[in-house]
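Visitor: just coords:
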């Protein structure tokens, strides 16, 4: 039996910020694990992204399709991109801003997330789209989710979690498509953002 979800974000700090999920803490607590990474893209159309991390970080930060501080602090998120986020996550974010057709609305990287997570290692981003009856966000979220899911292998995505994936799409765990319900209570924390972990 899976433990009950943690409710609330506590008295302050990152636990009290809107749009900040305790994703990896809950995943570890609830014993959720991934499978192998041998899935294949079915309809991905990823264009190659080349360059070193510093060049890609500048390219990302100059892109008008990147919105830092959608939730959390834009200044610390900029610093995370320049100094903490891994090369693969910067490459994923560049691809998303240049190829998804929608804005990448950053809710959390490292500085805006609880410390017990892949966010701490610079391997995760929370993208703020809403699936709770706000159609403008849902439409954009669907486009971003479809892009990420269809290109999950090329983007090295190990986890993709959203409570409202587009019809016909699943979540991703360990690089493999899974029923979103398999995330158990972790899924309920992802109604207001898409979690992407590499």
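Guide: Thanks, I have it. Values in this document were obtained by computation on a predicted structure and should not be read as measured data.
Visitor: by contact count, what packs against the biggest helix by length in the chain?
Guide: Ranked by residue count and defined by DSSP state H, the top helix of the chain is helix 135-150. With contacts defined as 3 or more C-beta pairs under 8 Å, 6 or more residues apart in numbering; DSSP states H and E, helix 135-150 has these neighbours: helix 87-99, strand 159-161, strand 194-197. Using the backbone N, CA and C atoms, a C-beta is placed for each residue, glycine as well.
Visitor: Now do the longest one, average pLDDT.
Guide: The predicted model assigns helix 87-99 a mean pLDDT of 97.
Visitor: end to end, how far does stretch 183-193 reach?
Guide: Stretch 183-193 has an end-to-end distance of 15 Å (C-alpha to C-alpha, to the nearest Å).
Visitor: who touches the longest helix of the chain?
Guide: Residues from elsewhere that reach helix 135-150 (C-beta atoms under 8 Å, 6 or more residues apart in numbering): 41-45, 96, 99-104, 127-131, 155, 157, 160, 162, 164-166, 169-170, 172, 177, 194, 196.
Visitor: ok, which stretches of the chain are helices?
Guide: According to DSSP H, the chain carries its helices in the segments 23-29, 53-61, 74-83, 87-99, 135-150.
Visitor: Would you mark the buried spots in the second one?
Guide: By that I understand helix 53-61. Within helix 53-61, the residues that count as buried by 16 or more other C-beta atoms under 10 Å are 53, 56-57, 59-61.
Visitor: Return the angle between stretch directions for it and helix 74-83.
Guide: Orientation of helix 53-61 against helix 74-83 (axes from the mean of the first three to the mean of the last three C-alpha atoms, to 10 degrees) gives an angle of 150 degrees.
Visitor: Does anything pack onto helix 53-61? Which helices or strands?
Guide: Applying 3+ C-beta pairs under 8 Å, 6+ apart, one finds that helix 53-61 contacts helix 74-83, helix 87-99.
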